[in-house]
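In: Just need the structure, nothing else, for what follows:
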Amino acid sequence: MSKSEQPIEYGPLGPGHAPAKDPMKGLRGVMAGTMMMESISFYLVLTVILRVDGGAYWTTFNWVYVTAVATAMLLLSFMQRFSWAVKANIGIQVFALLGFFVHVSMGIMAIIFIAVWWYLFYLRKNLIERMKRGLLTTQHM
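Out: Below you'll find the model as predicted:
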């Protein structure tokens with residue numbers, strides 16, 4: 001029997017009902033806040049590329065790229081309620097990681113935020129699984 005065919009193992013109180021409060025709404029708020037902090041951090045890369053090595057990294061491509069990625073993150077932070085936002089969050093991390101070509105500091109910051117996003121997606125998966133099994137307190141009130 002494959003994993004998808006196995007019956008769901010419910011908690012001791014059974015499957016329960018839909019949660020009284022949407023737990024995904026809170027998680028989306030955390031994701032929006034994380035994307036906003038990431039956007040601010042990437043806007044600060046502009047000061048790094050302007051000041052480091054006497055502005056040697058301040059090229060038109062570099063500042064436009066950093067500004068475009070940070071602005072996309074800023075706009076995406078307000079779009080977390082949509083179903084496509086999860087895929088967009090992953091996609092924007094690819095562009096952030098490509099920031100290594102702009103300046104190493106942008107790439108290092110991208111790696112740090114990729115680790116944060118990995119953890120958020122782990123929490124999201126865990127929350128969805130707990131909801132399926134009826135393990136949330138608000139499913140039994």
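
In: low-scoring pLDDT stretches of this protein, where are they?
Out: Applying pLDDT under 70 to the chain flags the ranges 1-5, 7-20, 135-141.

In: Helix, strand, or coil at Lys21?
Out: In terms of secondary structure, Lys21 is coil; the call rests on DSSP: H, G, I helix; E, B strand; the rest coil.

In: Mind giving me the packing neighbours of the strand or helix carrying Ile128?
Out: Assignment of secondary structure by DSSP states H and E places Ile128 within helix 104-133. The contact analysis (3 or more CB pairs under 8 Å, 6 or more residues apart in numbering; DSSP states H and E) places helix 104-133 against helix 23-43, helix 45-51, helix 85-97. C-beta coordinates here come from the backbone N, C-alpha and C atoms, glycine included.

In: Run through who's touching the first one.
Out: Think helix 23-43. When contacts are taken as CB atoms under 8 Å, 6 or more residues apart in numbering, the neighbours of helix 23-43 outside the stretch itself are 66-67, 69-71, 73-74, 76-78, 80-81, 85, 89, 96, 99, 106, 109, 113, 116-117, 120, 123-124, 127-128, 131, 136, 138.
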